[in-house]
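In: Predicted model follows, preceded by the sequence.
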Amino acid sequence: MKRLLAAGLDPIFQITPVFRLGDRGQFHNVEFTMLEWYRIGDNYQTGMFLLAEFIRYLFDEQQIELGEIGYSTYQSLFESEIGINPYTATLEELQAVCKDRNVGSPESNWGDSVDDWLDLLFAELVQPTLESVIVYDFPKSQAQLAKIRQDEKDAVSERFELFLKGQEIANGYHEARDAAELRRRFQKNRERRISRGQTWLPTDSRLLTVMELGFPPCSGTALGIDRLLMVMLDADIIEDVLTFPIETA
């Protein structure tokens, strides 16, 4: 889609099946449906507001009560719920919080990075409290494909996520445009996956080639349709909104 965007197609969206190997649970199915869109000229704030406006429209059209969609930074949520600054916390500090709050890691040898433990604490202690909110300004180490912004004190990624009833529904970026920076991120991710015995991903791609030629400023969002339907229909498990879960597909 970004290659199409660079070629001049704007705005663009698609609804498509997506697959994640072995990802199965109450809110996960190996195959799920994704709505993804991009719009040239949108910045960080515009991308968040467009997402909120779209969600409000859907709920209003179906006459489903939603309430106000709030906005909160990743840091403020961490500090209010856990009492620690996620941008400056060390691995040892995060592990100590998990021990104090009785948050256990999945495996004894799990978690060799700060982000592993940030994700665990967020999922266990912060996410369940999020009824209707867009979370933004994630740590720069979690930028993925998002632009990084330097604030007065900390560098943060211009990435945002929508949470409804404690579940992540959508993930959006003010898209990074520096091909060299993305190449460095891909290489770092590749090295980390290799060190963990995971399937490594290539560092070269046609996307990077396009970006080296010039990529327009834009914001993009990916939204999980199945999870959104779960919220709208008040479903407890993802099977309730799927025609064929993976077990019977």
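Out: That came in fine, so what should we check first?

In: For stretch 184-194, C-alpha coordinates in CSV please.
Out: Taking C-alpha atoms only, stretch 184-194 is exported to CSV below (Å, rounded to 0.1, in the frame of the first residue of the first chain):
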residue,chain,number,x,y,z
ARG,A,184,18.7,0.2,10.7
ARG,A,185,15.5,-0.8,12.5
PHE,A,186,15.0,-3.8,10.2
GLN,A,187,18.6,-4.9,10.8
LYS,A,188,18.3,-4.6,14.6
ASN,A,189,15.1,-6.5,14.5
ARG,A,190,16.6,-9.2,12.3
GLU,A,191,19.6,-9.6,14.7
ARG,A,192,17.3,-9.8,17.7
ARG,A,193,15.1,-12.5,16.1
ILE,A,194,18.2,-14.5,15.2
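
In: buried stuff in the helix or strand of the chain with the lowest mean pLDDT?
Out: Every helix and strand of the chain was ranked by mean pLDDT, DSSP states H and E. The lowest is helix 179-195, at a mean of 86. Using 16 or more other C-beta atoms under 10 Å as the test for burial, helix 179-195 gives 179, 182, 183, 185, 186. C-beta: built from backbone N, CA, C; applies to glycine.

In: can you give me the angle the next helix or strand after it makes with helix 179-195?
Out: Sequence-wise, the next helix or strand downstream of helix 179-195 (DSSP states H and E) is helix 206-213. Helix 206-213 and helix 179-195 are oriented at 150 degrees to each other (axes from the mean of the first three to the mean of the last three C-alpha atoms, to 10 degrees).

In: Report the contact partners of the residue nearest the centre of the chain.
Out: Nearest to the mean C-alpha position of the chain, by C-alpha atoms, centre = their mean, lies residue 171 at 3.9 Å. Counting by C-beta atoms under 8 Å, 6 or more residues apart in numbering, residue 171 touches 159, 160, 161, 162, 221, 222.

In: For the helix or strand that contains it, give the mean pLDDT please.
Out: Using DSSP H and E, residue 171 sits within strand 167-174. Strand 167-174 shows a mean pLDDT of 97.

In: Sketch out the low-pLDDT regions of the chain for me.
Out: 106-111, 152, 203-204 (pLDDT under 70).

In: Would you map the strands across it?
Out: Ranges of strands within the chain are 12-19, 31-40, 70-73, 132-139, 148-150, 155-164, 167-174, 218-224, based on DSSP state E.

In: Buried residues in the first one, which are they?
Out: Of the residues in strand 12-19, those scored as buried under the neighbour-count criterion (16+ other C-beta under 10 Å) are 12, 18.

In: for the shortest one, same thing?
Out: Buried residues in strand 148-150, counted by 16+ other C-beta under 10 Å: residue 148.
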